[in-house]
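**Student:** Can you look at this prediction? I've put the sequence above it.
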Amino acid sequence: MTNVLYIGNALSKKGKTSTTIDTLSKKLSEFCTVSVASKKTNKVLRLLDMVWSVFRNSTQTDYVLIDTYSTANFYYALIVSQVCKLLGNKYIPILHGGNLEKRLIRNPKLCGLLFKGAYKLVTPSKFLKSVFANHGYDNSIFIPNTIEIDNYKFNNREIKEIKLLWVRSFSSIYNPELAIMVLENLKKKGYSSTLTMIGPEIDGSLKRVEQIANEKKLNVLFTGKLSKKEWIKISEGHNIFINTTSIDNTPVSVIEAMALGLPIISTNVGGMPYLIEDTKEGLLVPPNNAEAMSNAIIEIINDNSLKKSLVSNARAKVEKFDWEIVKPKWELLLQ
């Protein structure tokens, strides 16, 4: 059986959002022996644990998977990759975040150190695959983020009152303030509307958004971090999903909302147009534009045939992301 060491921020049990390392590592264990690092919250200790895990498991490891982001965590991936090179281990960066292109432009030498020595690059979106190809990296393969489709009950909702749902970490790159502005805009247009925002605090954005909502006296429910099962249960009482990000790749929360039958309205950034074809599987609007997003919501509630078409097409697309369909791609890569 193939031995895999998965390196990333496995912090879901420490109050952080569940990420790919939490979900994919469990799936890969169906046909691989998988070790994970790191669960340490302190950044320095986490990096040391990652590096030590590579050294400790070097002779037993066939592949090292490395979650790779565009932010400060990029340097975790860079350092771990160089340790892998030193020890002769094959490593595979799994690319996350729609802002990796800026990293490629800003730090081409560091990116070369990380990406050119990789066995393969795994891109969960065709967007990032095209970005890396444009920068001369031809060793990437597309393996989409995955869900278990049977866990998502499809519901074609009626919309009598607008009940917006937002699910993401509270980070400035995801622009949670825009959700508040959209709700305010709908209120000004005379539409009865509520908003639920689900996700953990990351950089102070939650506190800031709560303050804005209170100042504007808007009906917003902040739940904090919820388990997948909990937020899916809450989604049953909502009828439109909004994705407000300024930077994005292929967010699992949007894929899940598509599977549940929630009509999607998203900013047209990063990998979103690769995931959602505008007017076919959802509506895409310019970033940081509350008026455009509000008008898209109104368009959906006023056109029932459009809504039915969007949710039906969206569900059909994400059924292709089911684990049983994606699994053979990982098996082929790690055989």
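**Tutor:** Nice, I can see it.
**Student:** Tell me, how many residues neighbour residue 134?
**Tutor:** Using other CB atoms under 10 Å, residue 134 is surrounded by 10 other residues. C-beta: built from backbone N, CA, C; applies to glycine.
**Student:** Could you do residue 150 as well?
**Tutor:** 10.
**Student:** ok, it - contacts?
**Tutor:** residue 322 (CB atoms under 8 Å, 6 or more residues apart in numbering).
**Student:** Distance of it relative to residue 297?
**Tutor:** Counting by CB to CB, to the nearest Å, the separation of residue 150 from residue 297 is 30 Å.
**Student:** do residue 70 as well
**Tutor:** Distance from residue 70 to residue 297, by CB to CB: 30 Å.
**Student:** For the two, indicate the residue with more neighbours.
**Tutor:** The neighbour count for residue 70 versus residue 297, taken as other CB under 10 Å, is higher for residue 297 (27 against 20).
**Student:** the helices in the stretch 51-200 of the chain, which residues?
**Tutor:** Here the stretch 51-200 of the chain has its helices, by DSSP state H, counting those that start in this stretch, at 74-87, 100-106, 108-115, 126-134, 177-188.
**Student:** most neighbours per residue, which of these?
**Tutor:** Most buried of the helices of the stretch 51-200 of the chain by mean neighbour count (mean count of other CB atoms under 10 Å) is helix 177-188; its value is a mean of 21.
**Student:** Break down the protein into its strands, ranges please.
**Tutor:** 2-7, 32-37, 63-68, 90-95, 121-123, 140-142, 162-167, 193-198, 220-224, 240-243, 264-267, 283-285 (DSSP state E).
**Student:** Show the contacting residues for the residue nearest to residue 220 when sequence neighbours are not counted.
**Tutor:** Spatial nearest neighbour of residue 220, chain neighbours left out: residue 213 (4.3 Å); criterion: CB to CB, 6 or more residues apart in numbering. By CB under 8 Å, 6+ apart, residue 213 lies in contact with 180, 220, 222.
**Student:** what residue is smack in the middle of the chain?
**Tutor:** residue 251 (2.7 Å; CA atoms, centre = their mean).
**Student:** doesn't residue 205 make contact with residue 172?
**Tutor:** Yes: under the criterion of CB atoms under 8 Å, residue 172 makes contact with residue 205 at 5.6 Å.
**Student:** Tell me which of the two has more neighbours.
**Tutor:** Taking other CB under 10 Å, residue 172 and residue 205 do not tie; residue 205 has more neighbours (20 against 14).
**Student:** How about the contacts made by the more buried one?
**Tutor:** Applying CB under 8 Å, 6+ apart, the residues near residue 205 are 170-172, 174, 176-177.
**Student:** Not counting its neighbours along the chain, what's nearest residue 206?
**Tutor:** Nearest to residue 206 is residue 170, by CB to CB, 6+ apart, at 3.8 Å.
**Student:** ditto for residue 93
**Tutor:** The shortest distance from residue 93 to any non-neighbouring residue, by CB to CB, 6+ apart, is to residue 68 (4.1 Å).
**Student:** tally of neighbours for that neighbour?
**Tutor:** Neighbours of residue 68 under the rule other CB under 10 Å: 28.
**Student:** From residue 78, how far out is it?
**Tutor:** 9 Å.
**Student:** Which neighbours do those two have in common?
**Tutor:** By CB under 8 Å, 6+ apart, the residues touching both residue 68 and residue 78 are residue 114.
**Student:** quick one: residue 256 from residue 228, how far?
**Tutor:** Taking CB to CB, one finds residue 256 at 8 Å from residue 228.
**Student:** between these two, which one's more packed in?
**Tutor:** residue 256 (22 against 16).
**Student:** That one against residue 232, yeah?
**Tutor:** Yes: under the criterion of CB under 8 Å, residue 256 is in contact with residue 232, at a separation of 7.3 Å.
**Student:** mind listing what residue 296 touches?
**Tutor:** Counted by CB under 8 Å, 6+ apart, residue 296 has contacts 265, 283, 285.
**Student:** Report the beta-bridge partner residues of the nearest residue to it once chain neighbours are set aside.
**Tutor:** Spatially, and ignoring its direct neighbours in sequence, residue 296 is nearest to residue 283 (4.3 Å; CB to CB, 6+ apart). Note on residue 283: beta-bridge partners residue 265, judged by DSSP bridges.
**Student:** Residue 283: how many residues sit nearby?
**Tutor:** Counted with other CB under 10 Å, residue 283 comes out at 23.
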